[in-house]
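Q: Model the structure of this input:
(one chain, ligands or ions: 1)
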Amino acid sequence: MRALIVVDVQNDFCPGGALAVPDGDAVVDAVNRMASAALFVVATRDWHPPDHGSFVVKGGPWPVHCVRDTSGAELHPGIDRSLIHAVVDKGQVSDHDGYSGFEGTELERLLRERDVDSVDVAGLALDYCVKATALDARRVGLYVTVHRRATRPVEVSPGDGERAVAELRAAGVEVVD
Ligand SMILES: [Zn+2]
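A: Numbering: from 1, shown residues only. Model (predicted):
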């Protein structure tokens, strides 16, 4: 059984958002195409309390973004919600980054319940939450494929996207175009 994990395709991570990933909304069409062909689709959302520890005002590295129940935290309107079977909210605890969709969520249980052994991973951003989610999926024993067409890096430092790909491959994650 194969599932698709759509990581954090949210307004705040798309152009115009609080923490925009360059060209982030370019993943929307690819994600919808993959979702329409997938048997089980889980979308993760970064879903922070207003005082999340990752925010600059709290000493973290990021501007305020994806505060729960705000429009910035909603999935990009181009994502076809009818293709999403489950939504998993992460990053809800102030003192954890919550980059990975597996961190403190029901994601692993949802996959196990459906006997998922392979996952495709897409979404934002390649060098943070996509990477962390794919590495955790590998860690819990799943076969993992990351699709470059359906992800974009934020590249706080130039080259972070390529470094993420190398790290994923070294961990046994397949990275395809
Ligand atoms: Zn976040």
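Q: and the protein, which of its residues are near the ion?
A: 46, 91 (C-beta under 5 Å from the ion). Every residue, glycine included, has its C-beta placed from N, CA and C.
Q: the longest strand in the chain is where?
A: Assignment by DSSP state E gives strand 143-152 as the longest strand of the chain.
Q: Can you mark which positions in the very next helix or strand once past it are buried?
A: Per DSSP states H and E, strand 143-152 leads on to helix 160-170 as the next helix or strand towards the C-terminus. The neighbour-count check on helix 160-170 (16 or more other C-beta atoms under 10 Å) flags 160-161, 164-165, 168 as buried.
Q: Rebuild these as CSV, extending it with pLDDT.
A: Shown next, in CSV, are the buried residues of helix 160-170 (pLDDT from 0 to 100):
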residue, pLDDT
160, 98
161, 98
164, 98
165, 98
168, 98
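Q: Look at the closest residue to the ion within the chain and say how many residues are nearby.
A: Nearest residue of the chain to the ion, counting by C-beta to the ion: residue 46, 4.0 Å away. Using other C-beta atoms under 10 Å, residue 46 has 30 neighbouring residues.
Q: what's the pLDDT at it?
A: Reported pLDDT at residue 46 in the predicted model: 98.
Q: what's the answer for residue 138, then?
A: On the pLDDT scale, residue 138 gets 98.
Q: Surely residue 161 and residue 128 touch.
A: No - if you go by C-beta atoms under 8 Å, residue 161 and residue 128 don't touch, sitting 10.5 Å apart.
Q: can you map out the strands along this structure?
A: 2-7, 41-46, 86-90, 118-124, 143-152, 174-176.
Q: now those in a markdown table, with distance to residue 23?
A: Shown next, in a markdown table, are those (distance: least, C-beta to C-beta, whole Å):
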| stretch | distance to residue 23 |
| --- | --- |
| strand 2-7 | 16 |
| strand 41-46 | 18 |
| strand 86-90 | 23 |
| strand 118-124 | 10 |
| strand 143-152 | 5 |
| strand 174-176 | 18 |
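Q: Relative to residue 67, which of those strands is closest?
A: strand 41-46 (9.4 Å; C-beta to C-beta).
Q: Next, the angle strand 118-124 makes with that closest one.
A: Here the directions of strand 41-46 and strand 118-124 differ by 40 degrees (axes from the mean of the first three to the mean of the last three C-alpha atoms, to 10 degrees).
Q: Could you list the paired strands of strand 41-46 along with their orientation?
A: strand 2-7 (parallel), strand 86-90 (parallel) (DSSP bridges).
Q: for the ones you listed, which one ends up most surrounded?
A: Comparing the strands paired with strand 41-46 by mean neighbour count (mean count of other C-beta atoms under 10 Å), strand 2-7 ranks first with a mean of 26.
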